[in-house]
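Q: 3D, please:
(chains A and B)
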Protein chains: 2
Amino acid sequence: MTKQNVAVIGLGSMGLGIACSALRGAHRVWGSDPDPAQMTKFQGDGGENEPPIKVADILDVVVVVVLNAAQTEDVLFGAKGIVPALKKGAVVVSCATVPPAFARDMGARCMALGVHYLDAPISGGAKKSMNGQLSIMAAGSPDAFDAARPLLSSVSETLFDLGPEVGAGSAMKSVNQLLAGVHIATMAEAMTFGLTQGVTADKFIEVISKCAGTSWMLENRAPHVAAGDYTPHSSVNIWPKDLGIVLDIAETVNFDAPITTAALAQFKAAADMGLGFEDDAAVVKVYAEKSGLQLPKAK
Amino acid sequence: MTKQNVAVIGLGSMGLGIACSALRGAHRVWGSDPDPAQMTKFQGDGGENEPPIKVADILDVVVVVVLNAAQTEDVLFGAKGIVPALKKGAVVVSCATVPPAFARDMGARCMALGVHYLDAPISGGAKKSMNGQLSIMAAGSPDAFDAARPLLSSVSETLFDLGPEVGAGSAMKSVNQLLAGVHIATMAEAMTFGLTQGVTADKFIEVISKCAGTSWMLENRAPHVAAGDYTPHSSVNIWPKDLGIVLDIAETVNFDAPITTAALAQFKAAADMGLGFEDDAAVVKVYAEKSGLQLPKAK
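A: Numbers count the residues shown, from 1 in each chain, chains lettered A, B, ... in the order given. You can find the predicted model right below:
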């Protein structure tokens, strides 16, 4: 497979995983992050030293793995934006969860400068990212896919091709986040409801994971609660943001999403309790606090 | 395995499946149902002709598969209640979704007459019931388990032993129903939200079922929507009942379940639209109607 010159902007848990997977794929990788600790990890794994903007003219792929739309726009087109410095035919792979309309705008602005744009939100978590096993929900022109394919094959296990229209990837991601967020909060609601009826956390996991009430998120997050371990894999703070994006999009089309709204309120309550940087399973503490329930302690 | 004399009270889709699985297991099976069509099916498969009450003194196991607590109490202890006519050491296997406190009451009243009681809600749907592959969330004394075991092994694939305290099965079932009901309604919310963003029902299923947003219910019910087929496997009307039981239990312990409350409102809205006897995936029509969306038509 072709080896590419890649920049990864944003070396949080997902971005660092992408960068390391790309390095294992023998691509040359430049990276940037405001956190020096993340830069040290990246460079320790073989990442280049120069900031990506210094080598913009030789980059084939720029992967943007920042928090939201505002940061994405700043990275691409802000005062130190990288897109105007890229060579024609390079491709931007935009991974943050953003509204589809924002993705379309970024895509058009890149195309005006001769740069391809892949609307490419990611799913799978930090561990899969580090293992090069991400799921990518990608939309963009065939040229954009072709320009990014060598890098994508190094970092992803599943590449969904959602067609040529930029925005389709972000749309699917927002649908996924709606479900994932609601399922985490519902796991918390069901587990604490069970505690009021004598169903222990361990018994909950043992039985429900084999029944019709199970979900991917339940099987992934309920064990955190049972172990009393809220080390953040994905933090509470993700959900006011991502469910907020879902509801913002919904509002633009007058779509009423009452279950999402109820789940969002629980994550906001968790953030208000100071749990924003704990694992998102900590939304269970909102229920426990309100009902005076004892959750399992760390073992 | 011992062959038992079994009565199945309630021959709806779940009860008929249990009766037929018991017949295939070479047990003698008596049955009753107000619907003559169900009685005809049952007797066509080898069911006995007499009403169970006529042979109560030779029954080993009475499986009660009716709609709710009121019907269960009527079958067991009403004017024509069967428990007083059973021999000592017989066992009642109670499968309806009921509050744990109701189950404890029934258990105590059976025990006072020398009859064992297994609090044994079921999960799995009509097809698994017919194939003898139910999941049973059972709680009761070791004697109750022993008395029911030959029959249970003919009708179930997974028997969860939730301990000796009657009520623990119903508690786990209510936890499962909370999750299952919310997940169906959330599937509907997410799929229609996706439609507003150009995500087709088929693409929704293809992508989301492989992502973190998936659930058992999504994978089972979303295809009904994609196929435009609302033939009832499990009907909308189940959910105002079962989520109502969840919220009734929750209220007794002052537990606040806002996501369940939001999902219940959607099922009630579906029933109010006249969809009560359609497949529960028809809750999607509440969202489609409100937002003027076109759902997939029957193929």
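Q: tell me, how many neighbours does A:N49 end up with?
A: Neighbour count of A:N49, defined by other Cβ atoms under 10 Å in any protein chain shown: 9. C-beta coordinates here come from the backbone N, C-alpha and C atoms, glycine included.
Q: give the contact list for it.
A: A:N49 is in contact with A:Q43, counting by Cβ atoms under 8 Å, 6 or more residues apart in numbering or on different chains.
Q: now name the helix or strand holding it.
A: For A:N49, there is no host helix or strand (DSSP states H and E).
Q: now A:A138
A: Here A:A138, judged by DSSP H and E, is contained in strand A:134-138.
Q: name every strand pairing with that strand and say which way it goes.
A: Strand A:134-138 pairs in its sheet with strand A:122-123 (antiparallel), strand A:156-161 (parallel), by DSSP bridges.
Q: quick check: what element follows the last one along the chain?
A: Just to be clear, that refers to strand A:156-161. That would be, after strand A:156-161 and using DSSP H and E, helix A:168-196.
Q: what's the angle between that next one and helix B:168-196?
A: Using axes from the mean of the first three to the mean of the last three Cα atoms, to 10 degrees, one finds that helix A:168-196 and helix B:168-196 are set 160 degrees apart in direction.
Q: for chain A, where's the lowest mean pLDDT among helices and strands?
A: helix A:125-130 (a mean of 90; mean pLDDT, DSSP states H and E).
Q: who are the contact partners of A:A139?
A: By Cβ under 8 Å, 6+ apart, the residues touching A:A139 are A:118-120, A:161-170.
Q: so which of the residues you listed is the most crowded?
A: With neighbours defined as other Cβ under 10 Å, the most crowded of these is A:A120; it has 32 neighbours.
Q: nearest to chain B: which residue in the stretch 1-150 of chain A?
A: Nearest residue of the stretch 1-150 of chain A to chain B, counting by Cβ to the nearest Cβ: A:S123, 5.0 Å away.
Q: so what's that residue bridging to?
A: Note on A:S123: beta-bridge partners A:S135, judged by DSSP bridges.
Q: and it, what's its pLDDT?
A: We have a pLDDT of 89 for A:S123.
Q: residues contacting it?
A: A:L134, A:S135, A:I136, A:M137, A:K173, A:N176, B:C211, B:A212.
Q: show me what contacts the closest residue to A:S141 other than its chain neighbours?
A: Nearest non-adjacent residue to A:S141, counting by Cβ to Cβ, 6 or more residues apart in numbering or on different chains: A:P164, 5.3 Å away. By Cβ under 8 Å, 6+ apart, the contact list for A:P164 reads A:A139, A:G140, A:S141, A:P142.
Q: and A:P164, how far from B:R109?
A: Distance of A:P164 to B:R109, computed by Cβ to Cβ, to the nearest Å: 67 Å.
Q: got it, and A:K127?
A: Separation of A:K127 from B:R109 (Cβ to Cβ): 52 Å.
Q: got it, and A:P121?
A: Computed as Cβ to Cβ, the A:P121 to B:R109 distance reads 57 Å.
Q: who has more neighbours, the two?
A: Taking neighbours as other Cβ under 10 Å, A:P121 and B:R109 compare with A:P121 leading, 25 against 18.
Q: next one: phi and psi at that one?
A: According to degrees, to the nearest 10, the main-chain angles of A:P121 amount to phi -60, psi 150.
Q: quick check, it in contact with A:L134.
A: No - using Cβ atoms under 8 Å as the test, A:P121 is too far from A:L134 to be in contact (10.1 Å).
Q: all strands of chain A, in order?
A: Secondary structure of chain A, counting by DSSP state E: strands at A:5-9, A:28-32, A:61-64, A:91-94, A:116-119, A:122-123, A:134-138, A:156-161.
Q: and the stretch 1-150 of chain A, which residues reach chain B?
A: Taking Cβ under 8 Å from any Cβ of the partner chain as the measure of proximity, the stretch 1-150 of chain A contacts chain B at A:P100, A:S123, A:G124, A:G125, A:S135, A:M137.
Q: show me the two of those residues that sit farthest apart.
A: Spanning the widest gap among the residues of the stretch 1-150 of chain A next to chain B are A:P100 and A:G125, at 23.0 Å by Cβ to Cβ.
Q: ok, those two, which is more surrounded?
A: For A:P100 versus A:G125, the count of surrounding residues by other Cβ under 10 Å is larger for A:P100: 25 against 18.
Q: nearest residue to the more buried one in space, ignoring adjacent ones along the chain?
A: Using Cβ to Cβ, 6+ apart and skipping the chain neighbours, the partner closest in space to A:P100 is A:G167 (3.6 Å).
Q: next up, phi/psi of the one you found, please.
A: Main-chain dihedrals, A:G167, degrees, to the nearest 10: phi 110, psi -30.
Q: now do it against A:Y117, distance only.
A: In this view, A:G167 and A:Y117 are 11 Å apart by Cβ to Cβ.
Q: between those two, which contacts overlap?
A: A:G107.
Q: still on that earlier bit, out of the strands paired with strand A:134-138, which is the most enclosed?
A: Most buried of the strands paired with strand A:134-138, by mean neighbour count (mean count of other Cβ atoms under 10 Å in any protein chain shown): strand A:122-123, with a mean of 26.
Q: how is chain A divided into domains?
A: According to automatic domain parsing, chain A comprises the domains A:5-164, A:170-291.
Q: A:P100 reaches A:S174, doesn't it?
A: Yes - A:P100 is within contact range of A:S174, at 7.4 Å (criterion: Cβ under 8 Å).
Q: now the common contact residues for these two.
A: The contact sets of A:P100 and A:S174 overlap at A:I249, B:Q197 (Cβ under 8 Å, 6+ apart).
Q: got phi/psi on A:M273?
A: Main-chain dihedrals, A:M273, degrees, to the nearest 10: phi -80, psi 0.
Q: check the spacing between it and chain B real quick.
A: A:M273 is 15 Å from chain B, where distance means Cβ to the nearest Cβ, to the nearest Å.
Q: contacting residues for that residue?
A: Residues in contact with A:M273 (Cβ under 8 Å, 6+ apart) are A:K285, A:V286, A:E289.
Q: tell me the one of those residues nearest chain B?
A: Nearest member of the contacts of A:M273 to chain B, counting by Cβ to the nearest Cβ, is A:V286, at 9.7 Å.
Q: just the pLDDT at the closest one, thanks.
A: According to the prediction, A:V286 has pLDDT 98.
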